[in-house]
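Chemist: Model the structure of this input:
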Amino acid sequence: EVQLVESGGGLVQPGGSLRLSCAASGFFFSSYAMTWVRQAPGKGLEWVSDMKPSDTATYADSVKGRFAISRDNAKNTLYLQMNSLKSEDTAMYYCAKVGTIGYDFWGQGTQVTVSS
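Modeler: Okay, the predicted model is just below:
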């Protein structure tokens with residue numbers, strides 16, 4: 001059974017940092033691209049970043065230069081280091097496994113709130 005469990009969210013002041021984790025199980029983690037997607041209150045899903053098995057990373061323009069995605073294949077864990085956080089980064093953050101067509105498995109999400 002595929003499971004994705006996010007953690008690391010919380011309340012942080014503008015300009016602060018957080019590191020999100022996504023613990024994966026039930027599939028051969030190192031063989032799959034993984035992604036982070038977020039949903040702000042009252043808005044739709046927004047793609048944030050993804051990382052291919054080759055460790056090639058891509059980012060949305062809104063987070064480029066502030067966020068860094070990484071993966072530890074030995075720990076079956078995906079990370080998202082978020083720096084210089086802004087109020088507009090407030091959202092529920094989800095990790096997802098990239099399947100043959102789209103994202104085939106999602107975690108339950110972790111809430112990030114950026115507020116003074």
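
Chemist: Just confirm residue 94 contacts residue 112, I think it does.
Modeler: No - assessed by CB atoms under 8 Å, residue 94 is found out of contact with residue 112, at 11.1 Å. Any C-beta I mention is one placed from the backbone N, CA and C, and that applies to glycine too.

Chemist: tell me, what's touching these two both at once?
Modeler: Both residue 94 and residue 112 are in contact with residue 38, where contact means CB atoms under 8 Å, 6 or more residues apart in numbering.

Chemist: can you tell me which residues contact residue 58?
Modeler: Residues near residue 58 by CB under 8 Å, 6+ apart: 49, 50.

Chemist: Let's test this: mean pLDDT of the strand or helix carrying it, rounded?
Modeler: Assigned by DSSP states H and E, residue 58 belongs to strand 57-59. Per-region confidence: strand 57-59 scores 97 on mean pLDDT.

Chemist: Would you mark the buried spots in the next helix or strand after that strand?
Modeler: Per DSSP H and E, the first helix or strand lying C-terminal to strand 57-59 is strand 67-72. The neighbour-count check on strand 67-72 (16 or more other CB atoms under 10 Å) flags 67, 69, 71 as buried.
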